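Student: can't give you the sequence, but here's the structure:
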């Protein structure tokens with residue numbers, strides 16, 4: 001069994017379970033724990049200064065988010081992100097975004113769409129400032145890409161879809177922490193996001209879907225190329 005050498009801070013008793021979950025999630029995203037590494041509940045409990053119960057609860061929540069996997073009678077392991085995972089995630093993202101487009105078409109609300117477009121545009125303006133000011137790390141930490149797409153997904157008014165989308169995007173956090181998301185990728189995505197806004201303003205459903213699909217396919221190919229140069233796994 002791999003011995004965990006990560007230094008973890010002791011936790012106080014307030015919101016203990018949530019804090020346990022939050023700190024383990026952050027360490028997983030930062031890849032302090034390596035892909036396929038076995039996580040020892042007793043060792044995690046000792047290092048965090050908590051009982052095993054909040055550790056088990058946190059790992060159950062993280063498994064639901066796809067960050068760890070449990071093998072019966074063997075243990076819990078850090079779930080790696082591989083080529084197949086990226087392909088599946090991007091397909092599901094596209095499905096959810098297309099569903100949102102169809103939802104907009106079936107029950108249009110000009111006022112709500114206008115408000116959402118304003119929020120999406122504000123996100124792009126703010127994020128562009130960070131990219132251009134050479135504070136690229138700040139852009140990554142804020143994850144404006146997720147914020148942009150979530151505003152769009154919210155138009156569908158389906159809370160489960162929103163939660164699924166957020167969980168799907170965990171791979172982006174891992175990719176960012178692994179330096180797989182480059183500035184050039186972000187700049188290209190920004191331009192494509194503006195195209196999405198313009199297509200939404202135009203109101204042509206076919207055009208909206210076409211622009212979104214082009215964005216997804218381009219993002220997928222760029223990330224896959226980066227992933228392959230990283231050994232095919234993060």
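Tutor: Happy to help now that I have it. Since we're looking at a predicted model, the values are computed, not measured.

Student: The lowest-mean-pLDDT helix or strand in the chain: what's the following helix or strand?
Tutor: Ranked by mean pLDDT, DSSP states H and E, the weakest helix or strand in the chain is helix 136-142, scoring a mean of 71. Later in the chain than helix 136-142, the nearest helix or strand by DSSP states H and E is helix 144-153.

Student: So what's the gap between that next one and the chain middle?
Tutor: For helix 144-153, the separation from the chain centroid amounts to 10 Å (computed by C-alpha atoms, centre = their mean, to the nearest Å).

Student: Check what contacts it and list those residues.
Tutor: 93, 96-97, 100, 116, 119-120, 123-124, 126-127, 130, 161-162, 165-166, 169, 172, 186, 189, 193, 196 (C-beta atoms under 8 Å, 6 or more residues apart in numbering). No exception for glycine: its C-beta is placed from N, CA and C like everyone else's.

Student: From those, which land in helices?
Tutor: 93, 96-97, 100, 116, 119-120, 123-124, 126-127, 130, 161-162, 165-166, 172, 186, 189, 193, 196 (DSSP state H).

Student: Could you pick out the buried ones from those?
Tutor: 93, 96-97, 100, 116, 120, 123-124, 127, 130, 161, 165, 172, 186, 189, 193, 196 (16 or more other C-beta atoms under 10 Å).

Student: Setting aside sequence neighbours, what's the nearest residue to the most centrally placed residue in the chain?
Tutor: Residue closest to the average C-alpha location in the chain (C-alpha atoms, centre = their mean): residue 169, at 2.1 Å. Leaving out its chain neighbours, the residue that sits closest to residue 169 by C-beta to C-beta, 6 or more residues apart in numbering is residue 146, at 5.0 Å.

Student: Could you measure from that neighbour over to residue 217?
Tutor: 19 Å (C-beta to C-beta, to the nearest Å).

Student: Could you check which of those two has the larger neighbour count?
Tutor: Set residue 146 next to residue 217 and count neighbours by other C-beta atoms under 10 Å: residue 146 wins out with 17 against 12.
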